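Asks: Would you be able to build a 3D model of this:
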Amino acid sequence: MPQQPSVPWQLLKAIEDIAQAPLARIAESLRTALSPLVPSSALVIFTEDCTGRPQKKAGAEGIVSRVSIPELDGIRASMEAKGPWRTRAWIAGQERYILALTYPPSNALLVLTDPELPEDDEPLRLASYLWGLTAARIQEKVSDAPPSYLLESRAASAERIRVTAELVDQHSTTLETLLAALRSNSLDDHAARLSVTDLAVKALIGLRTLNDRTSDLVEEPVSTAFQRLREDLRPLMHFSNIDIQFIEPPTNGRALPGEVAHAARAVVRGLVLAIAEQPDVHRVRAQWDCDGENLLINVRDDGRGELSPDAPNMERLRQKVQALDGKMSVDVMHGWGADISVALPLDPPVAPVGDVAAWGLATRELEVLQALAAGQRNRAIAAELNISENTVKFHLRNLFRKLDVRSRTEAIALAHSAGLR
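Replies: This is a model prediction of the structure:
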C-alpha cells in the first residue's frame, strides 16, 4: 500500500490563523507563519485599502516604530514586478536588506527586513502564497468592514491629518526662515550658502510630499471611487441577466474620505446583491451624487417590489451607514420595485464627551491619556506629572492594553473621539 504524503499541519495552522485574524493582528499572524520559511527582523504591510491604518507591522520595535509611508511608497515604486524582490532599500531611517512582494489586485506591499533567504525556491513560493492569502483577507475584511472598523478608521484618519498638518506648519516655517537667511546678501560664503540652500529645498519638498501623500491615503476622488464600484460589480453583470446602469457622479465633486468611499461601495454592492435575489429583476440603476457635505447614493430596481427592508442583510447595510452618521431610507413599491436612498456625511461629527469611566482607567492613567491627547511627548508628560519617563512608559503600556490599541496615534484618536483634548 503506497505511503500517503504527510499533512503539512504547520502550514494548515498558519492558514487558519491568517483567515481568522482580525485586521489589528493580521501582521503578527503572517509573521508567525513566515518565520519558519523566511526569518526576518520585522514585517511591514502597506495597504491603501485601510485608510485608518495603512501600515500593519510586527517585529523589532526599533524598525516598526520608524517605518514611514514615503519609504514604503519608494520601495513599491521601485519594484519592477510583484516579486519576490530582494534588494537593499532605505527603510526605518537607514539602508537595509529587504525582501518585498506586492499583491496586484489591491496594490498592497509586503516588506521583510533583514530576511534569511533559503537556498531553494520552495519556501519563497509558500511565503508568496501566504502573503497573497493575507492581502486578499485584508481586502475582503475592509470591503465588508463592520461599523466598529469604520468608526476607528475615521478617527485614526482624522488624527493623522491633524498631526501631519501640524508638522507641515511647524517645519515649513522653520525651513522657509532658514532659506530666507541663507539667501541673504550678508552671507558671503557662496559655496556654503548654495549647498545648504539645496539641502533645505529638498527637505521642504520632502515634507510637502509627505503631506500630499497622507492626504492621498485618506481621501479618494469621487470619480475614482465610483470607477472602483463599477469594477467590483462587473462579475455580477457578467454572470447574471441583470443590467446595471451607472449614473456617474460629477467629476469635480469633493473628494471622499477613505472610509466613506469604502462604505459607499460596500453598501451599493450589498444592495445590488439583495436586489438580485428577487425574481423578475432585469435592471438596476446605481447613482452617486454629492451636495458638498454628503455623498448621496440612490439604487433603484425594476422588480416586483419584494425587497424586505427588515431582512438581516439590509439591517447590516443600515448599520454600516449609521456607523458613519449617515441615513438610509428604503421605499418598496409593490409591483414597481424598490428605491433606496443613502446619505453619508463627508465630515465626521463633533464628538461628544464620552464616558471614559467605562475604560476602567486609574487616575494617573487618565492624566497621562489627557496629556497624550493634548499632543505632549513622554518627557513633557513626565515633567508635568512629576514622574519619570519610565513611569510614563509604564502607564502607556497599561493604557494601550485597556483601550485595546497598539500605538500612540490610535490612543489619541480614541481619546479625541471621547472628547478629551
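
Asks: For the rest of this, base every contact and every neighbour count on C-alpha atoms.
Replies: OK.

Asks: list the contacts for residue 298?
Replies: Residue 298 makes contact with 285-288, 339-342, according to C-alpha atoms under 8 Å, 6 or more residues apart in numbering.

Asks: Reformat the residues you listed as a markdown table; add neighbour count, pLDDT and secondary structure.
Replies: Output for the contacts of residue 298, formatted as a markdown table (neighbours: other C-alpha atoms under 10 Å; pLDDT from 0 to 100; DSSP: H, G, I helix; E, B strand; the rest coil):
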| residue | neighbour count | pLDDT | secondary structure |
| --- | --- | --- | --- |
| 285 | 16 | 93 | strand |
| 286 | 21 | 93 | strand |
| 287 | 18 | 93 | strand |
| 288 | 22 | 93 | strand |
| 339 | 19 | 93 | strand |
| 340 | 18 | 93 | strand |
| 341 | 16 | 94 | strand |
| 342 | 21 | 94 | strand |
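
Asks: Just put those residues in a markdown table and tack on distance to residue 310.
Replies: Shown next, in a markdown table, are the contacts of residue 298 (distance: C-alpha to C-alpha, whole Å):
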| residue | distance to residue 310 |
| --- | --- |
| 285 | 22 |
| 286 | 21 |
| 287 | 23 |
| 288 | 24 |
| 339 | 15 |
| 340 | 13 |
| 341 | 15 |
| 342 | 16 |
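
Asks: And the residues you listed, which is closest to residue 97?
Replies: Lowest distance from residue 97 to the contacts of residue 298 (C-alpha to C-alpha) belongs to residue 288, with 45.8 Å.

Asks: ok, the closest one to residue 314 distance?
Replies: Counting by C-alpha to C-alpha, to the nearest Å, the gap between residue 288 and residue 314 amounts to 19 Å.

Asks: give me phi/psi at residue 246?
Replies: The phi/psi pair for residue 246 (degrees, to the nearest 10) reads phi -110, psi 130.

Asks: hang on, residue 100 in a helix?
Replies: No. Residue 100 is assigned strand when assessed by DSSP: H, G, I helix; E, B strand; the rest coil, not a helix.

Asks: check contacts around the residue lying closest to it once chain neighbours are set aside.
Replies: Distance criterion C-alpha to C-alpha, 6 or more residues apart in numbering; nearest residue to residue 100, sequence neighbours excluded, is residue 111 at 4.5 Å. By C-alpha under 8 Å, 6+ apart, the residues touching residue 111 are 43-45, 98-101.

Asks: Run the chain-centre distance for the strand or helix carrying residue 111.
Replies: Counting by DSSP states H and E, the element that carries residue 111 is strand 108-113. Distance of strand 108-113 from the chain centroid (C-alpha atoms, centre = their mean, to the nearest Å) equals 15 Å.

Asks: just stretch 62-77 next, same as before
Replies: Worked out by C-alpha atoms, centre = their mean, stretch 62-77 lies 15 Å from the chain centre.

Asks: and the helix or strand harbouring residue 269, which residues are buried?
Replies: In the assignment (DSSP H and E), residue 269 maps to helix 258-276. Neighbour-count burial for helix 258-276, counted by 16 or more other C-alpha atoms under 10 Å, picks out 258-272, 275-276.

Asks: what do you get for stretch 302-319?
Replies: 302-309, 314, 316-319.

Asks: Packing partners of the helix holding residue 269?
Replies: Helix 258-276 sits against helix 122-143, helix 147-182, helix 190-218, strand 219-220, helix 222-239, strand 294-301, helix 312-323, with contacts defined as 3 or more C-alpha pairs under 8 Å, 6 or more residues apart in numbering; DSSP states H and E.

Asks: could you give the mean pLDDT of that helix?
Replies: Helix 258-276 shows a mean pLDDT of 86.

Asks: so it versus helix 122-143, what angle?
Replies: 80 degrees (axes from the mean of the first three to the mean of the last three C-alpha atoms, to 10 degrees).

Asks: Report the angle between helix 258-276 and helix 222-239.
Replies: Going by the same axes, to 10 degrees, helix 258-276 makes 30 degrees with helix 222-239.

Asks: Return the distance of helix 258-276 from the chain's centre.
Replies: With C-alpha atoms, centre = their mean, you get 18 Å for helix 258-276.

Asks: Just the C-alpha atoms of it, please, in PDB.
Replies: This file holds the C-alpha atoms of helix 258-276, laid out as PDB (Å, rounded to 0.1, in the frame of the first residue of the first chain):
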ATOM      1  CA  GLY A 258     -11.400  56.800   2.500                       C
ATOM      2  CA  GLU A 259     -13.800  55.200   5.000                       C
ATOM      3  CA  VAL A 260     -16.700  56.900   3.300                       C
ATOM      4  CA  ALA A 261     -15.600  55.600  -0.200                       C
ATOM      5  CA  HIS A 262     -15.200  52.000   1.200                       C
ATOM      6  CA  ALA A 263     -18.500  52.100   3.000                       C
ATOM      7  CA  ALA A 264     -20.300  53.500  -0.100                       C
ATOM      8  CA  ARG A 265     -19.000  50.700  -2.300                       C
ATOM      9  CA  ALA A 266     -19.900  48.100   0.300                       C
ATOM     10  CA  VAL A 267     -23.400  49.400   0.700                       C
ATOM     11  CA  VAL A 268     -24.100  49.500  -3.100                       C
ATOM     12  CA  ARG A 269     -22.600  46.000  -3.500                       C
ATOM     13  CA  GLY A 270     -24.800  44.800  -0.700                       C
ATOM     14  CA  LEU A 271     -27.900  46.400  -2.100                       C
ATOM     15  CA  VAL A 272     -27.300  45.100  -5.600                       C
ATOM     16  CA  LEU A 273     -26.800  41.500  -4.200                       C
ATOM     17  CA  ALA A 274     -30.000  41.800  -2.200                       C
ATOM     18  CA  ILE A 275     -31.900  43.000  -5.200                       C
ATOM     19  CA  ALA A 276     -30.500  40.200  -7.400                       C
END
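
Asks: in the stretch 201-350 of the chain, which segments are predicted with low confidence?
Replies: Applying pLDDT under 70 to the stretch 201-350 of the chain flags the ranges 201-218, 236-239, 348-350.

Asks: rewinding a little: could you export the contacts of residue 111 as TSV, including neighbour count and distance to residue 30?
Replies: As requested, those are exported to TSV (neighbours: other C-alpha atoms under 10 Å; distance: C-alpha to C-alpha, whole Å):
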residue	neighbour count	distance to residue 30
43	27	8
44	23	10
45	25	10
98	24	16
99	23	14
100	24	14
101	23	13
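
Asks: circling back: just want the angle from the strand holding residue 111 to helix 122-143.
Replies: 140 degrees.

Asks: Return the list of strands paired to strand 108-113, each annotated with direction.
Replies: strand 42-46 (antiparallel), strand 94-103 (antiparallel) (DSSP bridges).
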